[in-house]
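Undergrad: Sharing a sequence plus its predicted fold:
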Amino acid sequence: MFGKHSLRFVAAMTVAAAIPLAAAEPVKIKLQTLAPESSPWTSALRSMGASWSKATENRVSLVVYAGGSAPESNTIFRMAEGGLQAGTLMVAGLAELDDAFNVFAIPFFFESDAELVHVQQKLTPLLQQRLAAKKLHLINWGNGGWVRMFSKNPIRTVAELKAAKLYTTEGDERFVRWYASNGFNAVPLVPAEIPKQLKLPTGAINAAPMPPVYAVALQVFKDAPYMLDLPVAPLVGATVMTDTAWQKIAPADREKMLEVARQMEKQIGEQAPGLDAKSIAEMKKTGALKPVALDPKDAVTFRATVDKLTNSQRGVLIPADVFDLAVRERDAYRKAKGGHD
C-alpha cells in the first residue's frame, strides 16, 4: 500500500527521469535527516559526503540538513518535489515509501544485531526492487541502537503495558487501529511532542519507546525514569536517493559512492551497541534512571502476546511475501546458531 505522498512521488520522478541530463556537471545531493545535529549519525553522514567528494574528485557533493521538528513525510514530499535529492529516514518514514519496511519495527521480532543484519541482507534485494519501482535507490542502512520502553510508571507486565498511554508515530492510522485491536492504547504524535507530553502531569502519553541515546539527547528519562530492561526493537534507518539525482552521476562514481556508503553502514553498525551501553550508563549516573525487569511470572503471557503481535502484522501492515521471508530467514539464522526451535 502506498504512503500518502507515494503516488505524487512516482509521478514526479517519472517526469523528471525523462529530462535529458547535462553532461559532466557536478552533482549536489541535498539530504535531510531527523538525526540531531550533534549525533554520531549526522557526523557519519557528513564524513560520507566528504569521502564522496574525494572519491569522485568533487563530481559529487553532499549537503546534510540535520535535526528539525518536521515529520519525515515532509522530507519525502521535498524529495518528490525536487527540493531534496536524498533522505536518511527511520522506519516510519521508510514505511511511507513502502509497507515492507514495517518488518523492522515489529516489537520483539529480533533478538540481536547479528540476527538483524542477517535478515536485512536477505531482504535487501527485494526492498531495492520495491524502492526502484518508486524511482528511489537504497544507498545504505543505518542502526540507531535498540529501542527501550521509557515510562512514568513501572511497566513489568503485559497488563501494565496495555494500560499505558503509548507513543506511536503520527501519520498512519492503521498502526493505531492495530494497537487497539491487540488491546493497547497508542497515541499518535509527532516525535517533537514526546518530551513535552511526558513533562505534563497528565500528558497525552506516559510511555514512549526510543533508543537510550535519544532518551539522553531529549532528557526524557528525567520525566519517564522507568526503563523496561528489555530491548523492544532495533531502530533501523536507511538512506535513499531519488532516481533523478542517481542518473546524473556517472556509473563509475556511483560504485565509488556505494563502497563509501557500505563502509559507513559497517561503522554505524559497530558503534551502535557501544552507544546504547554508554547512554544507559550516563542515565544511571544521574540517579534518575530506574531500570525495571519483566516479571518472570508474566513470561508466558508476554511470549503469547508477542507472537500475536507479530502474526497480526502479516498482510495488514507488512506485505505477506516480505513478512514470510523475514520470518523464514530469522528462524533459519536461529536454528543455525542453535537458538530457538
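TA: Sure thing, it's come through. Numbering: from 1, shown residues only.
Undergrad: burial measure for the closest residue to Ala55 other than its chain neighbours, as a count.
TA: Using CB to CB, 6 or more residues apart in numbering and skipping residues adjacent in sequence, the residue nearest Ala55 is Lys256, 4.1 Å away. Heads up, the C-betas are built off the backbone N, CA and C, glycines and all. Neighbourhood size, Lys256 [other CB atoms under 10 Å]: 19.
Undergrad: for Lys256, helix, strand, or coil?
TA: Here Lys256 is recorded as helix under DSSP: H, G, I helix; E, B strand; the rest coil.
Undergrad: That one reaches Lys54, doesn't it?
TA: No: the pair Lys256 and Lys54 does not pass the contact test of CB atoms under 8 Å, sitting 9.3 Å apart.
Undergrad: burial measure for Asn58, as a count.
TA: Asn58: 10 neighbours (other CB under 10 Å).
Undergrad: what sits against the closest residue to it other than its chain neighbours?
TA: For Asn58, ignoring the flanking residues on the chain, the nearest one in space by CB to CB, 6+ apart is Pro26 at 6.4 Å. Contact analysis of Pro26 by CB atoms under 8 Å, 6 or more residues apart in numbering lists Asn58, Arg59, Val60, Ser61.
Undergrad: give me phi/psi at Pro26?
TA: In terms of degrees, to the nearest 10, the main-chain angles of Pro26 are phi -60, psi 140.
Undergrad: what distance separates the helix or strand harbouring Met227 from the middle of the whole chain?
TA: Met227 is part of strand 226-242 when elements are defined by DSSP states H and E. Relative to the centre of its chain, strand 226-242 is centred 5 Å away, using CA atoms, centre = their mean, to the nearest Å.
Undergrad: try stretch 65-80
TA: Per CA atoms, centre = their mean, the centroid offset for stretch 65-80 relative to its chain is 14 Å.
Undergrad: now do stretch 153-169
TA: 21 Å.
Undergrad: Tell me the buried residues in that stretch?
TA: Ile155, Arg156, Val158, Glu160, Leu161, Ala163, Ala164, Lys165, Leu166, Tyr167, Thr168, Thr169 (16 or more other CB atoms under 10 Å).
Undergrad: One more: stretch 62-70?
TA: Result for stretch 62-70 [16+ other CB under 10 Å]: buried residues Leu62, Val64, Ala66.
Undergrad: and what of stretch 239-255?
TA: Neighbour count says stretch 239-255 has 239-249, 253-254 buried, by 16+ other CB under 10 Å.
Undergrad: Stretch 165-183 too?
TA: Quick answer for stretch 165-183 (16+ other CB under 10 Å): Lys165, Leu166, Tyr167, Thr168, Thr169, Glu170, Gly171, Asp172, Phe175, Val176, Trp178, Tyr179.
Undergrad: Please narrow these to those residing in helices.
TA: Phe175, Val176, Trp178, Tyr179 (DSSP state H).
Undergrad: what two of these are the furthest from one another?
TA: Val176 and Trp178 (7.3 Å; CB to CB).
Undergrad: which element is the nearest residue to Leu325 once chain neighbours are set aside on?
TA: The shortest distance from Leu325 to any non-neighbouring residue, by CB to CB, 6+ apart, is to Leu123 (6.3 Å). Leu123 belongs to helix 113-132 when assigned by DSSP H and E.
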